[in-house]
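In: How does the following fold in three dimensions:
(4 chains)
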Amino acid sequence: MTFPWLTTLIALPALGAVLTALVPSGRGPLAKQVATGFALLTLLVGALISIQYLFDVDMGVESETYEWIPEFGASWALDVHGISLALMALTVLATPIVALAMWREAEDEQRDPKAFFALLLVVEALTLTAFLSQDVLLFYVVFEAMLIPLYFMIGMYGGPQRRYAAVKFLLYNLVGGLAMLAAVIGLYVQSVDAGNPSFFLPDLIALDIDTTTQWWLFVGFMLAFAIKAPLWPFHTWLPDAAAEATPSNAAFLSGVADKVGTYGMIALVLPLFPDASRDAAPVIVALAVVSIIYGALLAIGQTDLKRLIGYTSISHFGFIVLGIFALSGQAATGATFYMVNHGLSTIALFVVVGFLINRRGSRQVDDFGGVQKPAPKLAGVFLVAGLSGLALPPLATFLSEFLVISGTFTRYRPAAIIATLGIVLSALYILWLYQRTMTGPVQPAVEGMPDLRTREAVVVAPLLALLLVVGFFPKPLTDAIDEAVEPTLVEVGVEPPEPLAPVAEHVEEGTGR
Amino acid sequence: MTSTLSALATAVATEGGHGGGQAVVSATGVFDLTWLLIAFPLLGAAILLLGGRRTDRVGHLIGCGASIASFVMGLVLFFAMLGEPSDGRAFTVQLWEYVNAGGYSVDVSLLLDQLSMAFVLLITGVGSLIHVYSIGYMEHDERRRRFFGYLNLFVAAMLLLVLASDYLVLFIGWEGVGLASYLLIGFWQHKNSAAVAAKKAFVVNRVGDMGMVLAMASMITVFGSTAFDVVFASAEGASTGWVTVIGLFLLLGACGKSAQFPLQSWLLDAMEGPTPVSALIHAATMVTAGVYLIVRSAAIYDLAPDARTAVVVVGAITLLMGAIIGCAKDDIKKALAGSTMSQIGYMTLAAGLGPAGYAFAIFHLLTHGFFKANMFLGAGSVMHGMHDEVNMRRYGGLRIMMPVTFITFAMGYLAIIGIPPFAGYFSKDKIIEAAFADNWVVGLATLLGAGITAFYMTRLMLMTFFGNRRWQHSDPPHESPPVMTVPLIVLAVLSVIGGFGLLYLGADIVDWLAPVTGEAHHDLPMPLWLLITITLATVVAGVAVAWAMYGHRAVREDVPAGNPLTVAARNDLYGDAFNEAVFMRPGQYLTRSLVYFENRGVDGAVVGTATAVGGLSARLRRWQTGFVRSYAATMLGGVGVVVLAMLLVRLP
Amino acid sequence: MNPTNYLVLSIILFSIGAAGVLVRRNALIAFMSVELMLNAANLSFVTFARMHGNLDGQIVAFFVMVVAAAEVVVGLAIIVTIFRTRRSASVDDASLLKL
Amino acid sequence: MGETALFWIMAPIAVLGALGLVFARKAVHGALSLALTMISLALFYIAQEAPFLGVVQIVVYTGAIMMLFLFVIMLVGVDSSDSRVETIRGQRAAATLAVLGVIVLLTGVTVRATLPSEPTGLAQATPDGNVPAIADAIFGTYVWAFEVVAALLITAAVGAMTLTHRERLFHRPTQKELSIKRFTEGPPGEAAGLPVPGVYARHNAVDTPALLPDGTPSEASINRVLVARGAARSTEEFRHHPTPADIEAGAEGETDEPVGGDDDTNGGERA
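Out: Numbers count the residues shown, from 1 in each chain, chains lettered A, B, ... in the order given. Predicted structure coming up:
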């Protein structure tokens, strides 16, 4: 019996949440320290697990299965593969950063920070469970349970319209969850019919479900994930939530928690319903392309900083979904890689925008102008975060976007060409935003705006540094992802496209490609 | 610098045979250190940009040091390359594996061959001179350290661009120079016009990047790789349709970066940046990246005649457009920018001519790098002395006040209009020859371009350095300090001897490049002497017309109304107006209507559903009377239904 | 005698009890109607116990009685409390459980 | 044979009792009809080999539960009778529909079911007789349920006490305090206490008002509960109409105001 590292990884933030909640009220700083401490501990364990899978060092991490509801064949089954590894790493990394970023947000709203930090850890624990779960019922339970802490985080600590945004967020996702519940039950019934009642993912993947049933179940799962992800036209909760939640909360929501949706698509939907996925891929690809362009155009048209970032996320989620349903190894690897990069990049953007809003006391783009002059470092990190948002090489976002586009190009050429327009539009919304807020004559209201503080620098620096380092050396991560993506695509039954032209012989010998 | 060239020439002289597709070998010895070329400026940029205020005092020295170190490294590599046989001068340096996804793998590796060597020397050489020049030019700017950081970043990215051995890695450098260009155009961020120009440059370049991305995606589809060796070696196996598509996509990318029609509009606005930036990025190096791309992709264009035709057409259009715009501009930098567009049009055109033109494109690129950098820096020197005045109608008679600037500028002037034996004569004449050999129409376009070039450059010279003094400063114009004039002198010398040196001192640049680009001989439709005579006659005619208009008569300080062509040229031939009417305005309407649609349509549907459910609930609420007997009746009815349902299910 | 007769009687009593609950406003009568329904059910249990020769039916009836006794105690206490505050034993007067 | 006779006699009685419950205007009548039904059910239990249950039915239901109902009915008002007008719209229709539905449903089930025409009987199940067998079951198989039910009963008893208990908010005045209060605060006419009702030969009853010395009937002399129920007789009926001679006599002395009734202040004492 080896040490249950994966369960420990989930238990740590859960324990941290309990301890944070137990801190006597009025001792805000202590609560924050406890929460951040546990987030860092989780990061340590997460790093240990990552090292095993990224660099092939045996740390004794193994998949775990414990009985949960044996009557239904439901179990507490955890495992790590490349896709979940990438997202697990993102989650454990993002949480302490977000915790540090929201250090003063609760106080700014005149509220006790205790609950805020405890809820953050709860979301972390649930998100990690979702990424590591090998049991569909467990996945469903945490998928839904995640809504509750997020609902409170948006509804208690946000802007003036926070209740509206929180209810909208909750209702939207509950609708999706309902459809998914029906599909989960349907899936279970399939396993019962096959004589092996189980919620265990590999068992379910091994089932041979007829195409019509697959379609229904596919629609149930996809609706939930498309709302969560969010995919056009199920996206309208995100801009509201992004605008009303506190910046760090919005960062965690769209940077990490929403990845459960895209993770579900690639890790559950594709292997579980290969025939339906193959048949529906053109539709989903079309929706994804619409998301890309639509999100980008709306981002251009926004006047609210946080809403703008929210719409950019919709555009980027479009790329991720496009990559998943392009059904080529390259695009799927790119999409998973994109999830991580988009997480880092969006968190950086939201957090920096949060610094700005916090200083100026306004979310309107027009209230800024010439910030670069009084606060050059702030403008610098804003620019780098923005450049990661527009996928500028060598920042890691570039490679993922390129892999998605080129992988899609091998199968769906018109879709890939239209999606490429997103490259131009993203440059337009980011740089136009930068131009309106950071450059030009200094507005009287931003004169004397303080530059980046040490805590803020500590928050942003690791994100940007990671984007750069991963951008230069993506191979360990993409290899791990690629390894996990390949069997998924084999399950779906698509052949990797062969090059159209025969590769010249001497090259093949010469470079060993 | 001069020693470099003579070394180059002698080296070329010793080199014999040629033919495309030389063998590429793994680097050994000093070639293993090729990465240092990029590492020096990259390190410099990192120190300057992350070092903060601590490096303020020595920032410019670090910047120059990094650039010069890279240049020295380039020289070392160059001499090492001379020691190799002429068909064994291509080396790859494998740095690290970049990515392997779904069967597509990329290595970060560098390719050092004759073509990239020429670029390395151009970039680091001219770059170092401009770094030195900037010490003086930016002396009074409080953000000088940052300026040097950006310049170093640019040099590093540009070197990565020309040294990459994979299109994806090339693209990283490609975007890196775009970023540096964005940062440097918008360097004076407090000016709204600078910020807008920077954004415009980046966004227009991104349109070109679409082409790059799609070209790479096509390569992956067709060849399964974007590595130069795989793509070039397998190109013959691909269908002509695909090769043409790739060629057109690459052309789109090149158009963006090199400001070729239809993506030319950003270059004139880019003059908002500090003048050394205009010299380095927007004249000598970055804007020529498109030409490099086309020449580097020779293997693809050789197989795609239609794509080549497109390149020629684009080059010809841009060459004339740039020249016409250059004729009408009163802003000295914009006039030079028009000229740059036009000259790059020449290079693109040459590159589109296939193996017959590749070498001449690069040749002209190098000489243009010398004389255009010279003239931009000269313009900067003039502006430096004229308190940042850029309107030539406020200049006049400056040759007395700024003798060094005048002389060096004149060298550049004579080079660009193609007066023998200055550099431009050799390179441009070769292109005109090749164009005539290819096609009459294209040849006439290049000839006409040469005439117009002579006209607008003469106009620029006359308005700036001759004629009546139209400036009213209490403080008269003064010559720039030596730190600025020395680079000018070096570049002026190169403008004089560059062309001759590269072509005749020893041997031919065409032979030097032949292992990379291949070689083709062309037959002229007329005797060579006749063509040279015609060309020179055209140039002289252009000069004469300009003299008649601006030397003979006094230059007016106010702007004359001008004929429709002049007005059109002043408005950049309505390129911006076209973009605004066709892309910006409809785009704004689209965005606005989408925002409306989002709020009313998509979100409206959602909120409407919620409201409908709410209304329905309000009605259903009336069932809740509070009367326990009603509830009991409902319960009994419910029990009945449940029992019935159970019976129906259970009973047969 | 055919035991089905008892069952039919039980049905009739049960239905009358149900009707009493539904139509009578007086809380006491409604409550007594509930008791009638319980008794009707008990009759069925006892009948079935005899019909199948299984004592469990009687045991269930026994428990029903005990629970009914407990229910009556609490129910009457509630009725008395309501009567005290409202001076009325009509169930329709206590209709506050609504929006 | 005997059972058949018993059934056909007692079954109509049981149904009549049930109908009486539903149609009785006064709750007390309903309670008595229900008691009738319960007794007949007890007989059915005994007839169906369940003597223990039959006895329990009589003791617990008829004896205890129904008495409890009667007590509460007395508390609420034994005489009050309900109106038959239905106030909830559609309630009667809904009730009819639901009840008919249930009848049809249950009858349908019973008729369709294949039931033995002769009962098996409990002889085999209860070799030692009914009561020991039930004891075996309750304290054997169902002992857990039995214990839970016991707890339930205790809880119900405590709950009922808690529900009906009224906390005294004020100090309850003693008789002594009340009489002191009468003398110190009340009108002098009431110092000796309120008049007692029913002082006539004709109506020696609590529902007739007392006549005060001046001949006016006193409302204060009648119990409030009777007044509230409308069971008290009218005071006008007993008013003494004075003759002219009386008036003269009255004019000589002071005319006392008739003792009016702020009887609420002292009502508590009489009650």
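In: Now for A:Gly493: which residues touch it?
Out: Residues in contact with A:Gly493 (C-beta atoms under 8 Å, 6 or more residues apart in numbering or on different chains) are A:274, A:278. From N, CA and C alone the C-beta is placed, and that goes for glycine too.
In: Would you state the predicted confidence (pLDDT) at it?
Out: In this prediction, A:Gly493 carries a pLDDT score of 78.
In: and it, what are its phi and psi?
Out: Torsion angles at A:Gly493 (phi, psi; degrees, to the nearest 10) stand at phi 90, psi 30.
In: give the contact list for the closest residue to B:His521 other than its chain neighbours.
Out: In space, and not counting its chain neighbours, B:His521 is closest to B:Ala356: 7.5 Å by C-beta to C-beta, 6 or more residues apart in numbering or on different chains. Neighbouring residues of B:Ala356 by C-beta under 8 Å, 6+ apart: B:434, B:437-438, B:520-522.
In: Now render those as CSV, adding secondary structure.
Out: Formatted as CSV, the contacts of B:Ala356 follow (DSSP: H, G, I helix; E, B strand; the rest coil):
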residue, secondary structure
B:Ala434, helix
B:Ala437, helix
B:Asp438, helix
B:Ala520, coil
B:His521, coil
B:His522, coil
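In: wait, isn't B:Tyr395 in contact with B:His387?
Out: No: B:Tyr395 lies out of contact with B:His387 (C-beta atoms under 8 Å); the separation is 11.9 Å.
In: follow-up on the earlier one: the residue nearest to B:His521 sits in which helix or strand?
Out: Taking DSSP states H and E as the definition, B:Ala356 sits inside helix B:355-385.
In: and after that helix, which helix or strand comes next?
Out: Counting by DSSP H and E, the next helix or strand C-terminal to helix B:355-385 is helix B:403-417.
In: what packs against that next one?
Out: With contacts defined as 3 or more C-beta pairs under 8 Å, 6 or more residues apart in numbering or on different chains; DSSP states H and E, helix B:403-417 has these neighbours: helix B:355-385, helix B:423-438, helix B:440-465, helix B:482-504, helix B:528-546.
In: What segments of chain C are helices?
Out: C:4-23, C:27-52, C:56-86 (DSSP state H).
In: Please point out which parts of the last one sit buried.
Out: Looking back up the chat, that one is helix C:56-86. C:57-66, C:68-80, C:82-83 (16 or more other C-beta atoms under 10 Å in any protein chain shown).
In: got the contact list for A:Ile314?
Out: The contact partners of A:Ile314, by C-beta under 8 Å, 6+ apart, come to A:230, A:232, A:235, A:238-239, A:291, A:294-295, A:298-299.
In: Among those residues, name the ones in helices.
Out: Going by DSSP H, the helices hold A:238-239, A:291, A:294-295, A:298-299 from the contacts of A:Ile314.
In: and which of those is nearest chain B?
Out: The closest of these to chain B turns out to be A:Leu298 (C-beta to the nearest C-beta; 5.8 Å).
In: what mean pLDDT would you report for the helix holding B:Ala356?
Out: The average pLDDT for helix B:355-385 rounds to 89.
In: Stretch B:214-223 now?
Out: Averaged across stretch B:214-223, pLDDT comes to 92.
In: Send over that stretch as CSV, restricted to the C-alpha atoms.
Out: Taking Å, rounded to 0.1, in the frame of the first residue of the first chain, the C-alpha atoms of stretch B:214-223 are listed here in CSV:
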residue,chain,number,x,y,z
LEU,B,214,-2.0,29.3,-42.7
ALA,B,215,1.1,28.7,-44.8
MET,B,216,2.6,26.6,-41.9
ALA,B,217,-0.7,24.8,-41.4
SER,B,218,-0.7,24.0,-45.1
MET,B,219,2.8,22.7,-44.8
ILE,B,220,1.8,20.5,-42.0
THR,B,221,-1.1,19.2,-44.0
VAL,B,222,1.0,18.6,-47.1
PHE,B,223,4.5,17.7,-45.7
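In: Get me the contact residues on the stretch 151-271 of chain D for chain C.
Out: Residues of the stretch 151-271 of chain D that fall close to chain C, judged by C-beta under 8 Å from any C-beta of the partner chain: D:152-153, D:155-157, D:159-161, D:163-164, D:166.
In: Reformat those as JSON lines; add secondary structure, distance to B:Cys64 and neighbour count.
Out: Converted to JSON lines, these look like this (DSSP: H, G, I helix; E, B strand; the rest coil; distance: C-beta to C-beta, whole Å; neighbours: other C-beta atoms under 10 Å in any protein chain shown):
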{"residue": "D:Leu152", "secondary structure": "helix", "distance to B:Cys64": "94", "neighbour count": "17"}
{"residue": "D:Leu153", "secondary structure": "helix", "distance to B:Cys64": "99", "neighbour count": "15"}
{"residue": "D:Thr155", "secondary structure": "helix", "distance to B:Cys64": "93", "neighbour count": "13"}
{"residue": "D:Ala156", "secondary structure": "helix", "distance to B:Cys64": "97", "neighbour count": "20"}
{"residue": "D:Ala157", "secondary structure": "helix", "distance to B:Cys64": "99", "neighbour count": "15"}
{"residue": "D:Gly159", "secondary structure": "helix", "distance to B:Cys64": "93", "neighbour count": "15"}
{"residue": "D:Ala160", "secondary structure": "helix", "distance to B:Cys64": "98", "neighbour count": "21"}
{"residue": "D:Met161", "secondary structure": "helix", "distance to B:Cys64": "98", "neighbour count": "11"}
{"residue": "D:Leu163", "secondary structure": "helix", "distance to B:Cys64": "95", "neighbour count": "17"}
{"residue": "D:Thr164", "secondary structure": "helix", "distance to B:Cys64": "99", "neighbour count": "14"}
{"residue": "D:Arg166", "secondary structure": "coil", "distance to B:Cys64": "98", "neighbour count": "7"}
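In: Save those residues as TSV, and put in pLDDT too.
Out: Below are these laid out as TSV (pLDDT from 0 to 100):
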residue	pLDDT
D:Leu152	94
D:Leu153	93
D:Thr155	94
D:Ala156	94
D:Ala157	92
D:Gly159	92
D:Ala160	91
D:Met161	90
D:Leu163	87
D:Thr164	84
D:Arg166	80
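In: what's the closest non-adjacent residue to residue 26?
Out: Here I'm looking at chain A. Using C-beta to C-beta, 6+ apart, the closest residue to A:Gly26 is A:Asp112 (7.9 Å).
In: could you do chain D instead?
Out: Using C-beta to C-beta, 6+ apart, the nearest residue to D:Lys26 is D:Ser81, at 4.7 Å.
In: what about that neighbour, how many neighbours?
Out: Residues lying near D:Ser81 (other C-beta atoms under 10 Å in any protein chain shown) number 13.
In: With B:Asp523 instead?
Out: 5.
In: Equivalent analysis for B:Pro564, please.
Out: Neighbours of B:Pro564 using other C-beta under 10 Å come to 7.
In: neighbours around A:Ala457, how many?
Out: Close neighbours of A:Ala457, defined as other C-beta under 10 Å, add up to 14.
In: For it, give its distance to chain B.
Out: 11 Å (C-beta to the nearest C-beta, to the nearest Å).
In: From chain C, how far off is the residue nearest to B:His521?
Out: Applying C-beta to the nearest C-beta, the value for B:Ala356 to chain C is 88 Å.
In: Please state the offset of stretch A:336-348 from the chain centre?
Out: 7 Å (C-alpha atoms, centre = their mean, to the nearest Å).
In: Now do the same for that stretch: mean pLDDT, whole number.
Out: Computed over stretch A:336-348, the mean pLDDT rounds to 94.
In: pLDDT value on A:Pro96, please?
Out: For A:Pro96, the model assigns a pLDDT of 94.
In: wait, does whichever strand or helix holds it contact chain B?
Out: Assigned by DSSP H and E, A:Pro96 falls within helix A:82-101. No: remark: helix A:82-101 sits outside contact range of chain B, by C-beta under 8 Å from any C-beta, the gap being at least 11.2 Å.
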